[in-house]
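Asker: curious how this folds, go ahead:
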Amino acid sequence: NPLNKTITGIKDLIKNYNEIEKKRSELDFDIDGIVYKVNDFKLQKRLGNVANAPRWAIAHKFSANSGVSKIIEIEIQIGRTGALTPVAKIKPVNIGGVVVSNATLHNEDEINRKDVRVGDTVLVERAGDVIPYIVSVDSKKRPSSSKKFIFPLKCPSCGSTTIKEFNLITKKTDAVRRCSSDGYECEKIAIEKIKHFVSKEAFNIDGFGKKIVENFWNSNFIKLPQDIFNLNYH
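Answerer: A predicted model of the protein is given here:
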């Protein structure tokens, strides 16, 4: 790579970092930072690795790419643990070479703190150049008819009450609101639990992906994890 250099001293490393960040948009390929490596094979061997990361190399990431877009709607996604996560559906925008149409809003407190509403013009960043999230809202461009977003007090999937649990360790109420239903009563939670059940981290069932779980659920083949073992393959 023509941008490879041997550099001594932190001052020169930072200077090089700033220079390459300025050239970033002119490159023929996408980069999200620089990697510094110890320029000595003997030293590299001595320093070794931690799990799958070398001790002799470190990444220096560039500041996140950002773009301005508009919120079309706010959807509530329900996870395996019953956590309700708000996701903003935004007008597709190109951020650092990737077209982004969804951005996470983290939780209810975050929506209230930033006062995010449907129809708002927002600044979107890709955290670590991966997960897009909403940084701020331009309230000057807000339409006068705009209404505050009310987080659902009932689960959008099963209608159970949503609750914020009290954390005994932190002695605070959790920021995350959850569906209060048990086990597999809530459709969205059940599907996510079965997806986890067949995933690499659990039973690691080969060829049993997320889409198949959804299709089998919709076809009434599986409603509980044990139903997988009763499937007739003919």
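Asker: so where's this structure uncertain?
Answerer: The model of the chain has pLDDT under 70 over residues 128-129, 234.
Asker: identify the residues contacting the longest helix anywhere in it?
Answerer: Looking across the chain with DSSP state H, the single longest helix is helix 10-23. Helix 10-23 has contacts (CB atoms under 8 Å, 6 or more residues apart in numbering) with 3, 5, 7, 31, 34, 36, 60, 62-63. Bear in mind the C-beta positions are built from the backbone N, C-alpha and C, glycine included.
Asker: out of those residues, list just those in strands.
Answerer: Per DSSP state E, strands hold the following members of these: 34, 36, 60.
Asker: can you pick the most crowded of those?
Answerer: Compared across the ones in strands among the contacts of helix 10-23, Ile34 has the highest neighbour count, 17 neighbours, by other CB atoms under 10 Å.
Asker: specify the beta-bridge partners of it.
Answerer: His60 (DSSP bridges).
Asker: just say helix, strand or coil for Lys223.
Answerer: coil (DSSP: H, G, I helix; E, B strand; the rest coil).
Asker: neighbours around it, how many?
Answerer: Using other CB under 10 Å as the criterion, the residues surrounding Lys223 number 14.
Asker: is Val98 in contact with Ile131, as I believe?
Answerer: No - Val98 is not in contact with Ile131 according to CB atoms under 8 Å; the separation is 11.2 Å.
Asker: before we move on, the earlier item: looking at the contacts of helix 10-23, which is nearest Ala175?
Answerer: Ser63 (26.1 Å; CB to CB).
Asker: what ranges do the strands span in the chain?
Answerer: Per DSSP E, the chain carries strands over the ranges 33-37, 49-50, 53-54, 57-61, 66-78, 84-95, 98-104, 121-127, 131-138, 162-163, 166-167, 172-173, 178-179.
Asker: partner strands of the third one, parallel or antiparallel?
Answerer: It refers to strand 53-54. Strand 53-54 has the following strand partners under DSSP bridges: strand 49-50 (antiparallel).
Asker: next one: the fifth one
Answerer: Sheet pairing here is set by DSSP bridges, and for strand 66-78 it gives strand 84-95 (antiparallel), strand 121-127 (antiparallel).
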